[in-house]
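Novice: Below is the structure, and that's it, no one-letter string:
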């Protein structure tokens, strides 16, 4: 192993922040992407090597990854970029991680498990806020309640989304939410599943969302029923549900394209000051067949800063890795307590609520 690693999509919002943090802590990635002007400017500033290549040509990817041990993909949409990069990673024996939260990406990665085993590479999407803290909490709940039959997860933060996050949300508009029931993924209309959740202070109304944990938490825990929630007032849920029902109209009339173009041109990620003021509160609830409940909570840095730290943690882990290849969730790869190793993360706390059963 040469300990050489790469950030693909380094000129994007999160990719750039990861590169800057890497420089501060003495890590030396190779920066990569499609935008030569932006990459050259960033590489000069940080004194890093950079490479320009697109994902349209597998031979370009192959030439660029020949000497790379680990690639951190920060370029979405990940359901496209992940498959293109991983296929080449199997040839170059390059471990793959990314910062996606897209459920489809985890399914694609899982489907390639045996090929990854044969190639001897680790493929572990979702090493950012999506889904490290929730995956660790899910694994920890399962360890403490091995007979759990249902799992609810959620998170609360006041952080505004980045351009990439908004584009993914708009792309998913009209698909409803995603849950797991009896081991199978199901689409349900947005707003249909709501409940009160106490993320750490007081109960608040929350709604289910199509978060990647409905896929990853199942791989990590084997719990057959999984739902992910975020807090949202009833009025906003009704508006979002209205948009969902009119997605086809928005697309046909060109309004959705106008919104997408506006986001691409005008939306920027949160500032350093905004990131510093907005921690995240992660919540989980496991339940067994007798109705006993185990609640877990975790407080982290804001989602973007945690993503920077957890992505670099995964890279460092793989640069020293000597284990088997395959698909892994973050908790499977680095352990259920790995999130607690990150700066600003408070230890997980748990509370059990027992019933008399039925």
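Specialist: Happy to help now that I have it. Here the structure is a predicted model, which means the values were calculated and not measured.

Novice: Let's see the pLDDT reported for residue 159.
Specialist: The score at residue 159 is 57. That number is its pLDDT.

Novice: no wait, residue 272
Specialist: 59.

Novice: try residue 251
Specialist: pLDDT at residue 251 comes out at 63.

Novice: and if you look at the one 5 residues further on?
Specialist: Listed pLDDT for residue 256 reads 60.

Novice: Near residue 245, how many other residues are there?
Specialist: Counted by other Cβ atoms under 10 Å, the residues lying close to residue 245 total 13. Heads up, the C-betas are built off the backbone N, CA and C, glycines and all.

Novice: how far away is it from residue 179?
Specialist: 19 Å (Cβ to Cβ, to the nearest Å).

Novice: any low-confidence regions in the stretch 251-358 of the chain?
Specialist: For the stretch 251-358 of the chain, applying pLDDT under 70 flags the ranges 251-253, 255-257, 259-277, 356-358.

Novice: same thing but 50
Specialist: 357-358 (pLDDT under 50).

Novice: mind listing the helices for it?
Specialist: In the stretch 251-358 of the chain, the segments counted as helices under DSSP state H, counting those that start in this stretch are 255-266, 272-276, 303-319, 330-334.

Novice: hmm, who's touching stretch 28-47?
Specialist: Residues outside stretch 28-47 that contact it (Cβ atoms under 8 Å, 6 or more residues apart in numbering): 4-12, 15-16, 19-20, 22-23, 48-54, 64, 68, 72, 75, 315.

Novice: My understanding was that residue 227 contacts residue 206; is that so?
Specialist: No. Residue 227 is beyond contact range of residue 206, at 9.9 Å (criterion: Cβ atoms under 8 Å).

Novice: Go through stretch 316-323 and flag the buried ones.
Specialist: Using 16 or more other Cβ atoms under 10 Å as the test for burial, stretch 316-323 gives 317, 318, 319, 321.

Novice: Span of that stretch from start to end?
Specialist: In stretch 316-323, first residue to last residue: 14 Å (Cα to Cα, to the nearest Å).

Novice: That stretch: how far from the chain's middle?
Specialist: Chain-centre distance of stretch 316-323: 20 Å, with Cα atoms, centre = their mean, to the nearest Å.

Novice: What of stretch 311-321?
Specialist: Distance, centroid of stretch 311-321 to centroid of chain: 16 Å (Cα atoms, centre = their mean).
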